[in-house]
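1. Sequence and computational prediction follow.
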Amino acid sequence: MAGYSGSVDRLVEALGRLPGVGAKTAERLAHHLLKCPIEEALALAEAIRDVRDRVRHCLTCFHLTEAEESLCTICRDPRRDTGLVCVVEQPRDLLALEKAGTFLGVYHVLLGRLAPLQGMGPDQLTLDALEARVRSGTVREVILATNPNLEGDGTALLVANRLADSGVPITRLARGLASGSVLEFANKEMLADAINGRQRF
């Protein structure tokens, strides 16, 4: 089947490799980039180049930071409670928690989760840095905030086992029914988590 020109085909193929972008969406994006003002397309290309050149991981928590800063904005914030460390899988999970605006501690980003079928094992995670941080004596509590699924639970169990003899309390985010939800529409996993995680009224 005939395609577009070689350049357009390469662009569609490259866009299609992005997560969550299927063949049709990749094709629509490529056509948008062909039709939009050249300044807009070049600004996108420059933003991609800039983020690849300038963004790296924080030396303490592995969140994203600019190349000229060794620590991210959260680790540099003196108002944060450095004794309270929340462990997340990815920087986007950290940002989701930050949007809630209630957590005043700091984070540790694992940069992944246990996923043996995708080649992600313990050695690919930032576990050694987390363990060194916890054993430094400055951490009072570790909050496990991995995703509530099989891989996230396996990752949380691995972290808990690695830190079990550190003497630092390890907690897990509460699970169950979302505030404002209706029992009738909750799935069985949500209801099971809600029953098992019930609290005194």
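-> That came through, no problem.

2. Tell me how this structure divides into domains.
-> Annotated domains of the chain cover 8-53, 81-172 [automatic domain parsing].

3. Residues touching the helix or strand hosting Leu130, excluding its own?
-> Per DSSP states H and E, Leu130 falls inside helix 127-134. By CB atoms under 8 Å, 6 or more residues apart in numbering, the surrounding residues in contact with helix 127-134 are 60, 62, 85, 87, 108, 110, 139, 142, 158-159, 162-163, 166, 168. For every residue, glycine as well, the C-beta is placed using N, CA and C.

4. what element comes up after whichever helix in the chain runs longest heading to the C-terminus?
-> Taking DSSP state H as the criterion, the chain has its longest helix at helix 38-54. Counting by DSSP H and E, the element after helix 38-54 in chain order, helix or strand, is strand 55-57.

5. where does this protein dip in pLDDT?
-> For the chain, the stretches flagged by pLDDT under 70 are 1-4, 201.

6. for it, what's the longest strand?
-> Longest strand of the chain, by residue count under DSSP state E: strand 81-88.

7. So which elements touch that one?
-> Strand 81-88 makes packing contacts with helix 91-100, strand 105-109, helix 127-134, strand 141-144 when contacts are defined by 3 or more CB pairs under 8 Å, 6 or more residues apart in numbering; DSSP states H and E.

8. In CSV: these, plus distance to Arg28 and mean neighbour count.
-> Converted to CSV, those look like this (distance: least, CB to CB, whole Å; neighbours: other CB atoms under 10 Å):
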stretch, distance to Arg28, mean neighbour count
helix 91-100, 24, 14
strand 105-109, 32, 24
helix 127-134, 40, 16
strand 141-144, 39, 19
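
9. List the contacts of the most centrally placed residue in the chain.
-> For the chain, the residue nearest the mean C-alpha position is Gln90 (1.8 Å; CA atoms, centre = their mean). Residues in contact with Gln90, defined by CB under 8 Å, 6+ apart, are 109-112.

10. how close does it sit to His63?
-> Gln90 sits 10 Å away from His63, going by CB to CB, to the nearest Å.

11. residues shared between the contacts of these two?
-> Val109.

12. related to what we said a few turns ago, deepest-packed of the domains of the chain, please.
-> Greatest average neighbour count among those goes to domain 81-172 (a mean of 16), per mean count of other CB atoms under 10 Å.

13. roughly how far out does that domain sit from the chain middle?
-> 11 Å (CA atoms, centre = their mean, to the nearest Å).

14. relative orientation of the helix holding Leu130 and strand 105-109 in degrees?
-> 160 degrees (axes from the mean of the first three to the mean of the last three CA atoms, to 10 degrees).

15. For the remainder of this discussion, apply numbering that starts at 690.
-> Shifting the count to begin at 690 puts that one at helix 816-823.

16. Also compute the angle for helix 816-823 relative to strand 770-777, please.
-> 160 degrees.
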